[in-house]
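Asker: When you get a sec, could you give me coordinates for this:
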Amino acid sequence: MTGLNLTDVLWVLAAGLNLVAFAAFGIDKARARRGERRIPESRLLLLALAGGTPGAYAGRRAFRHKTRKQPFVAQLHTIAAVQAAGLAYLAYGAF
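Answerer: I've put the predicted structure just below:
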């Protein structure tokens, strides 16, 4: 049996990070409903910035959370746009 290569490890880490981002939005929504201490928006955005953007968007949609909150929405869209540009550069511009 062979070990995991770097690509496999990166996929596992990305999946885990997106799961954490998704869960964070659900936890924050539940806390908001109960009037409890919330997860700071900066932490939610940091999870997205670290690579959890798909999980953040999925969490926003699934939990109907932070959908109209400005400037949070604009900041999340900016993070996604920068990441998309970076991926496009890696896929097309680096060759």
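Asker: Check which helices and strands whatever helix or strand Gly16 lives in is in contact with.
Answerer: Assigned by DSSP states H and E, Gly16 falls within helix 6-34. Contacts of helix 6-34 with other secondary structure elements, assessed using 3 or more Cβ pairs under 8 Å, 6 or more residues apart in numbering; DSSP states H and E, are made with helix 41-47, helix 53-63. From N, CA and C alone the C-beta is placed, and that goes for glycine too.
Asker: how much does that helix deviate in direction from helix 53-63?
Answerer: Helix 6-34 and helix 53-63 meet at an angle of 30 degrees, taking axes from the mean of the first three to the mean of the last three Cα atoms, to 10 degrees as the criterion.
Asker: which of the residues in helix 6-34 are buried?
Answerer: Of the residues in helix 6-34, those with enough neighbours to count as buried (16 or more other Cβ atoms under 10 Å) are Leu17, Asn18, Ala21, Phe22, Ala24, Phe25, Ile27, Asp28, Lys29.
Asker: which one of these is nearest Ile39?
Answerer: For the buried residues of helix 6-34, the residue nearest Ile39 by Cβ to Cβ is Asp28; the value is 4.3 Å.
Asker: Low-confidence regions, the protein specifically.
Answerer: Under the criterion of pLDDT under 70, the regions of the chain flagged as low confidence span 1-2, 94-95.
Asker: All good on my end, thank you.
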